[in-house]
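Trainee: A structural model of the following input is requested.
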Amino acid sequence: MKLAALISGGKDSIYAMWKEDKKNDVVCFLTMESDNDESYMFHTPNISLTSLQAESIGKPIIIGKTKGEKEKELEDLFDLIKKAKEDYEIEGVITGALASVYQAERIQKICDDLNLKCINPLWQMNQEQLLRDLLKDGFKTIIVGTFAYGLGESILGKEINEETIEILMDAHRKYKIHPAGEGGEIETLVIDGPCFNKKIVIVDSERIIGKYETLLNIKEAKLEDSAY
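Mentor: Numbering: from 1, shown residues only. Presented below is the predicted three-dimensional model:
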């Protein structure tokens, strides 16, 4: 099938795309840039870097804009997916949905309305296993935001490796957070992996530290030769 992949820049959407692209043909990426940092639907930290990911991976990208108003943002997503169907004749849409029924149901409805398949390769996957599979499959992912008590500045900007997985699992045991961040506890950015032709290198960034949240705001990044 010819598929479009909804891409946020984070681990779930990139990993889901990679898994599905081995079986089908991902012909384009779709990214929604939201003005609302508290959007129910869309990842916002460093969303502009999806263009660098698309360039490295070698896929065209369609970028949609939304003010991020609850439910109204779904109309903007409908328009984005409809454009992909018209421009690339896609037959389905890949999402990185893991456990969010809110997101999964709404994307499924849009796909139903457009007569497209909605494909969720990671749905209900064990979250610790997801983190370990990402590592095993060679994806380099950094944590660009923490938004929960028990997580803090110490893991901001860190790569997801055995050490950070243990930190996340410890916070899961102590504070019941979702270790893969499905509840919004962490945000991530994939900077390299087996589907990348070039890796993303951060040139300039700033750390924004709040009481229970931290953010790595990437001001400038570039592509350099990847190890893959």
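Trainee: low-confidence ranges, this protein, go.
Mentor: Across the chain, the stretches falling below the confidence threshold (pLDDT under 70) are 40.
Trainee: if we go to 50?
Mentor: Per-residue confidence of the chain (counting by pLDDT under 50) places no residue in a weak region.
Trainee: okay, helices next: where are they in it?
Mentor: Under the criterion DSSP state H, the chain carries helices at the ranges 11-21, 50-57, 72-88, 101-113, 127-136, 162-175.
Trainee: now render those helices as a markdown table, adding mean neighbour count.
Mentor: Just so you know, the C-beta spots here come from the backbone N, C-alpha and C atoms, and that holds for glycine as well. Supplementary listing: the helices of the chain in a markdown table, determined by neighbours: other Cβ atoms under 10 Å:
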| stretch | mean neighbour count |
| --- | --- |
| helix 11-21 | 23 |
| helix 50-57 | 21 |
| helix 72-88 | 17 |
| helix 101-113 | 15 |
| helix 127-136 | 16 |
| helix 162-175 | 15 |
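Trainee: can you tell me which residues contact Cys28?
Mentor: Ala4, Ala5, Lys59, Pro60, Ile61, Ile62, Ala84, Asp87, Tyr88, Ile90 (Cβ atoms under 8 Å, 6 or more residues apart in numbering).
Trainee: burial check on the first one, number of neighbours?
Mentor: What that stands for is Ala4. Counted with other Cβ atoms under 10 Å, the burial measure for Ala4 works out to 28 neighbours.
Trainee: who are the neighbours in contact with it?
Mentor: Listed by Cβ under 8 Å, 6+ apart, the contact partners of Ala4 are 26-30, 62, 81, 84, 88, 90, 92-94.
Trainee: check the gap between the nearest residue to Glu162 once chain neighbours are set aside and Tyr102 for me.
Mentor: Excluding the flanking residues, the one nearest Glu162 by Cβ to Cβ, 6 or more residues apart in numbering is Leu135, at 7.3 Å. Look at Leu135 and Tyr102: by Cβ to Cβ, to the nearest Å, they are 28 Å apart.
Trainee: from the contacts of Ala4, which two are the most distant?
Mentor: The most widely separated members of the contacts of Ala4, counting by Cβ to Cβ, are Ile62 and Gly92 (15.4 Å).
Trainee: most distant residue from the centre of this protein?
Mentor: Among the C-alpha atoms of the chain, the one farthest from their average position, using Cα atoms, centre = their mean, is that of Lys174, at 25.7 Å.
Trainee: domain-wise, how is the chain divided?
Mentor: Per the record, the chain has its domains at 2-119, 127-225, by automatic domain parsing.
Trainee: quick one: which of the contacts of Ala4 is nearest to Glu69?
Mentor: Proximity of these to Glu69 (Cβ to Cβ) peaks at Ile81, which lies at 18.1 Å.
Trainee: the closest one is in contact with Cys111, isn't it?
Mentor: Yes. Ile81 sits in contact with Cys111 when judged by Cβ atoms under 8 Å, with a separation of 7.3 Å.
Trainee: need the residues touching each of these two.
Mentor: Common contacts of Ile81 and Cys111, defined by Cβ under 8 Å, 6+ apart, comprise Val93.
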